[in-house]
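A.B. asks: Generate coordinates for the sequence data below:
(one chain, ligands or ions: 5)
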Amino acid sequence: MSTSTAAESFAKTTFDIVIVGAGTAALPIAAKLSENPQILVGVLEAGGKNDNDPLIDTPQFLGSTTGNPKYDWKFASVPQEHALGRAIGFPRGKGVGGSTLINYLAWDRASKAEYDTWKTFGEKDDAWDWDSLIPYFKAAEAAAPLSTNPNEYPSMAGLGAVIIHPGVEDALGSEGAVKTSHNSIYSDVIPPYVKAWNNIGTSINTNPWGGDASGLYNVRLAVDRKTGKRASADSAYLTPEVLARQNLKILTGAQATKVLFKRETDNVTATGVEFVVEGKTYVANASKEVVLSAGVIQTPQLLELSGIGNRKFLEALGIETLVDLAGVGENVQDHLFVPMQFLLKPGTKTFDELRNNPDFLAEQQAVYNSSRTGWLAAVDSTVCYNPLSKIVTPAVFSSMLERLEASIAKNKEQGALTPLQEAQYAVQLDLLRAGDVPGLETLLMSKGYVAPEQGKSYFIMMTGVQHPFSRGSIHINSTNPFKAPLIDPNYLSNEFDLESLLAGYRLMEKVVAAEPLKDLIEIRQLPPAILSDDEHALGFIRAAATTGSHLMGSCALARRNLGGVVGNNLKVHGTSNLRIADASIIPLSVSCHIQATVFAIGERAGDVIKRDL
Ligand SMILES: Cc1cc2nc3c(=O)[nH]c(=O)nc-3n(C[C@H](O)[C@H](O)[C@H](O)COP(=O)(O)OP(=O)(O)OC[C@H]3O[C@@H](n4cnc5c(N)ncnc54)[C@H](O)[C@@H]3O)c2cc1C
Ligand SMILES: *[C@@H]1O[C@H](CO)[C@@H](O)[C@H](O)[C@H]1NC(C)=O
Ligand SMILES: *[C@@H]1O[C@H](CO)[C@@H](O)[C@H](O)[C@H]1NC(C)=O
Ligand SMILES: *[C@@H]1O[C@H](CO)[C@@H](O)[C@H](O)[C@H]1NC(C)=O
Ligand SMILES: *[C@@H]1O[C@H](CO)[C@@H](O)[C@H](O)[C@H]1NC(C)=O
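C.D. replies: Ligands and ions are numbered 1, 2, ... in the order given. Next comes the predicted model:
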């Protein structure tokens, strides 16, 4: 079928449900709802469907699609005032599978206490918290059993490294869609790196999925070990059986431009979605519901284009306000990371070997093609999560906390905080004071990213703030749906985030000074000098900090009087049948890589919608 024929046929169908975006949260919903042959589900996806594409499928090729418009929306922030005016690039997956086509495969969860904060923002009934989310985390996952796919970190541990938390098999799902696994290949940096952390007092956590995600761990990966391929939302949920369903239609190359509504007395009801294919505009009718799963950037964009948002912004663009909802596009949070890069002593084998040695690459390509294993099936998986209180001295910790409390109190007094921020900062302070919930992630990648030289091998470390106090926004600045919205994470606008990154930077210095990692390092390449003076280190952070690609929160799940956008049932406040399911609903940042959380949001949304139909 030609593209325009497919678009016409889509527009001639009256769907029960129309879903916008075929990404991470959308596909669990589409798969679940279409189990019932009586429910007609239509999905609009701006990108294409990429089957058998080695750039997506091959784990070690991650990053190769970044910047390629076939796979990546290539967004960028507005100049960041507190980061030397830099514009930070935001890759975002485009195509059936969304950002799981291009992400870095890490698969984890935050700690129980973090998800439990979410219930303080929503309504009482059907609250979102750890206990209510766990079944959905498990429903999304099929973890390779440890008997055949072991976690090799305990055997790398240094003497005296306490290994915490049993019970991992119970914490993981085994029957879900996304196949997850551990690597079987680790670069030469990993065993000494693990021991270096142990030597500075950080133990290995063998069950970070069980409610306490602190410590050093071997993160699971969204990689199917049987096929050696990336497990994306596409490959996981759109199985041949699901794709064969007559009641599920996925239209690719179709960009939604507006949600259409009819007005009722005290709310609005979505009736369909306007979309554009090859420059031509169509409408898909939805008799029951519309679900926005266009991601953290484009979901608020579509709401505003459709007349749902802050009246002030909408009026300035001449858009009629259907629901005056000031929370749309606000509350944007991200994990901002400060990087360091180190040149390794000659002979240390890392993923740079694939770049340096064409024979090795060819050999590994053959191994991968024939047995779906080897270096191309592996990616880095070492992460370490620490509470701030454990990485700075008690004196620094109380000083940071005191100044933070004072600045929050002052902003509150001056009326500079939204009700949602007031509620969030209160629970964030509680988490900080509790002292055992991680607020910083340190990760490692075993290859050179910044100007790597031929024949040399490197590693980078990055530490990122997981519970930022800075808040940003994403708003349209044009009625043209093809123009990207203004994305302003407002990084480092809160001093506490900057100081936390400084603590993270000093932590990395401690790790690389620890045996036995220390002996492997030839020189520190980034930053090129030792920045013992805090002012210099802060300058480096402002100049080099970059996104961890975990933008979230732009359509927060929170009560309307707090400034929320969706309620516990994911319906947009003031509408009777428009829901959101994607990373934009996360009300408060969690300390993990967020894809498993977004899949859980999709699983839960599917259940809630099914129940309501
Ligand atoms: C480079 C990168 C690396 C990452 N690494 C990791 C990692 O290692 N581990 C981890 O847990 N998380 C990682 N993440 C984060 C995680 O992948 C995302 O947060 C998550 O996939 C977002 O899911 P979503 O459903 O919100 O949106 P998406 O999965 O991005 O889906 C949105 C979909 O909507 C489509 N769309 C948008 N607008 C429209 C429109 N108007 N009409 C039609 N279709 C539209 C898009 O094309 C896309 O397919 C990474 C993200 C990126 C970008
Ligand atoms: C879609 O809805 C509009 C407005 O109610 C209507 O005019 C149109 O005929 C509908 N299209 C289909 C295919 O049902
Ligand atoms: C491996 O397969 C890819 C396609 O998936 C092909 O491009 C490549 O030439 C193959 N390489 C070897 C060494 O078999
Ligand atoms: C927003 O739009 C106005 C009007 O087109 C333009 O003048 C302004 O530069 C835009 N702002 C940004 C940050 O792009
Ligand atoms: C929306 O308004 C209609 C008409 O006033 C009403 O019947 C319906 O219950 C409302 N729905 C919600 C979710 O408020």
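
A.B. asks: Tell me the strands beside the helix or strand of the chain with the lowest mean pLDDT, with direction?
C.D. replies: One helix or strand of the chain scores below all others by mean pLDDT, DSSP states H and E: strand 163-164, with a mean of 77. Partner strands and pairing direction for strand 163-164 (DSSP bridges) are strand 204-205 (parallel).

A.B. asks: gap between the partner strand and the chain center?
C.D. replies: Between the centre of strand 204-205 and the centre of its chain there are 23 Å (Cα atoms, centre = their mean, to the nearest Å).

A.B. asks: immediately after it, which helix or strand?
C.D. replies: Read in the C-terminal direction, the helix or strand following strand 204-205 is strand 215-218, with elements assigned using DSSP states H and E.

A.B. asks: The helix or strand just after that next one and ligand 1 in contact?
C.D. replies: Stepping forward along the backbone from strand 215-218, the first helix or strand reached (DSSP H and E) is strand 220-221. No. In terms of Cβ under 6 Å from any ligand atom, no part of strand 220-221 sits within range of ligand 1; the closest distance is 8.3 Å. Any C-beta I mention is one placed from the backbone N, CA and C, and that applies to glycine too.

A.B. asks: where are the low-confidence patches of the stretch 51-200 of the chain?
C.D. replies: Counting by pLDDT under 70, not a single residue of the stretch 51-200 of the chain qualifies.

A.B. asks: And the helices in it?
C.D. replies: Chain-ordered helices for the stretch 51-200 of the chain, with DSSP state H, counting those that start in this stretch as the definition, fall at 54-57, 112-117, 130-140, 153-156, 168-171, 190-199.

A.B. asks: Between those helices, which one is closest to ligand 3.
C.D. replies: The closest of the helices of the stretch 51-200 of the chain to ligand 3 is helix 54-57. By Cβ to the nearest ligand atom, the value is 4.4 Å.

A.B. asks: what about that closest one and ligand 1, any contact?
C.D. replies: No. In this structure, helix 54-57 remains apart from ligand 1 according to Cβ under 6 Å from any ligand atom; the gap is never smaller than 12.4 Å.

A.B. asks: what residues does that helix touch?
C.D. replies: The contact list for helix 54-57 (Cβ atoms under 8 Å, 6 or more residues apart in numbering) reads Asn50, Phe61, Ser64, Thr65, Tyr71, Gly97, Leu101, Ile102, Lys229, Arg230, Ser232.

A.B. asks: distance of the spatially closest residue to Ala326 that is not a sequence neighbour from Leu317?
C.D. replies: Leaving aside its sequence neighbours, Ala326 sits nearest to Asn310 (Cβ to Cβ, 6 or more residues apart in numbering; 4.5 Å). According to Cβ to Cβ, to the nearest Å, Asn310 and Leu317 sit 11 Å apart.

A.B. asks: Make a PyMOL selection of whichever of the contacts of helix 54-57 turn out to be buried.
C.D. replies: Entered in PyMOL, the line below selects the buried ones among those, by 16 or more other Cβ atoms under 10 Å:
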select buried, resi 50+61+65+71+97+101+102+229+230+232
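
A.B. asks: Ligand 4 next: which of the contacts of helix 54-57 are close?
C.D. replies: Among those, no residue sits close to ligand 4 (Cβ under 6 Å from any ligand atom).

A.B. asks: Include distance to ligand 5 when you put the contacts of helix 54-57 into TSV, please.
C.D. replies: As requested, these are exported to TSV (distance: Cβ to the nearest ligand atom, whole Å):
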residue	distance to ligand 5
Asn50	38
Phe61	46
Ser64	45
Thr65	40
Tyr71	38
Gly97	32
Leu101	35
Ile102	36
Lys229	42
Arg230	39
Ser232	34
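
A.B. asks: Now render the contacts of helix 54-57 as CSV, adding distance to Thr442.
C.D. replies: As requested, these are exported to CSV (distance: Cβ to Cβ, whole Å):
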residue, distance to Thr442
Asn50, 33
Phe61, 25
Ser64, 25
Thr65, 26
Tyr71, 28
Gly97, 29
Leu101, 26
Ile102, 23
Lys229, 28
Arg230, 24
Ser232, 27
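
A.B. asks: What is the burial count for Arg506?
C.D. replies: Residues contacting Arg506 under the criterion other Cβ atoms under 10 Å number 17.

A.B. asks: Oops, could you answer that again for Trp73 instead?
C.D. replies: Here the number of neighbours of Trp73 (other Cβ under 10 Å) works out to 18.

A.B. asks: any idea how far ligand 3 is from Asp212?
C.D. replies: Taking Cβ to the nearest ligand atom, to the nearest Å as the measure, Asp212 and ligand 3 are separated by 41 Å.

A.B. asks: does that residue really touch Asn205, like I thought?
C.D. replies: Yes. Using Cβ atoms under 8 Å, Asp212 and Asn205 qualify as a contacting pair, with a distance of 7.2 Å.

A.B. asks: which of those two has more neighbours?
C.D. replies: Higher neighbour count among Asp212 and Asn205: Asn205, with 24 against 19, using other Cβ under 10 Å.

A.B. asks: contacting residues for the nearest residue to the more buried one once chain neighbours are set aside?
C.D. replies: Nearest residue to Asn205 in three dimensions, chain neighbours excluded: Gly215, at 3.5 Å (Cβ to Cβ, 6+ apart). Gly215 makes contact with Ile164, Thr202, Ser203, Ile204, Asn205, Pro208, Cys384, Tyr385 under the criterion Cβ under 8 Å, 6+ apart.

A.B. asks: so which of these comes closest to ligand 4?
C.D. replies: The shortest approach to ligand 4 among the contacts of Gly215 belongs to Tyr385, at 35.5 Å (Cβ to the nearest ligand atom).

A.B. asks: elements contacting the helix or strand containing the closest one?
C.D. replies: Under the criterion of DSSP H and E, Tyr385 resides in strand 382-386. The helices and strands touching strand 382-386, judged by 3 or more Cβ pairs under 8 Å, 6 or more residues apart in numbering; DSSP states H and E, are helix 190-199, strand 215-218, strand 440-445.

A.B. asks: Direction included, what does that strand pair up with?
C.D. replies: Under the criterion DSSP bridges, strand 382-386 sits next to strand 215-218 (antiparallel), strand 440-445 (antiparallel) in its sheet.

A.B. asks: Any idea how far that strand is from the middle of the chain?
C.D. replies: In terms of Cα atoms, centre = their mean, the centre of strand 382-386 is found 16 Å from the chain centre.

A.B. asks: likewise stretch 179-193?
C.D. replies: 22 Å.

A.B. asks: Distance check, Leu159 against Asn198.
C.D. replies: Following Cβ to Cβ, the distance that separates Leu159 from Asn198 is 8 Å.

A.B. asks: Counting neighbours, go ahead and name the busier of the two.
C.D. replies: It is Asn198, of Leu159 and Asn198, that has more neighbours when counted by other Cβ under 10 Å, with 21 against 7.

A.B. asks: end to end, how far does stretch 44-56 reach?
C.D. replies: 21 Å (Cα to Cα, to the nearest Å).

A.B. asks: Can you check the pLDDT for the residue in the chain that ligand 1 sits nearest to?
C.D. replies: Residue nearest to ligand 1 within the chain (Cβ to the nearest ligand atom): Gly23, separated by 1.9 Å. According to the prediction, Gly23 has pLDDT 98.

A.B. asks: swap in Glu264?
C.D. replies: According to the predicted model, the pLDDT of Glu264 comes to 87.

A.B. asks: Wait, it touches Ser576, no?
C.D. replies: Yes. Glu264 is within contact range of Ser576, at 6.7 Å (criterion: Cβ under 8 Å).

A.B. asks: what sits against Pro339?
C.D. replies: Counting by Cβ under 8 Å, 6+ apart, Pro339 makes contact with Tyr449, Val450, Ile460, Met461, Met462, Leu526, Ala544, Ala545, Thr546.

A.B. asks: what do you get if the cut-off is 7 Å, keeping everything else the same?
C.D. replies: With Cβ atoms under 7 Å, 6 or more residues apart in numbering as the criterion, the residues that contact Pro339 are Ile460, Met462, Leu526, Ala544, Thr546.
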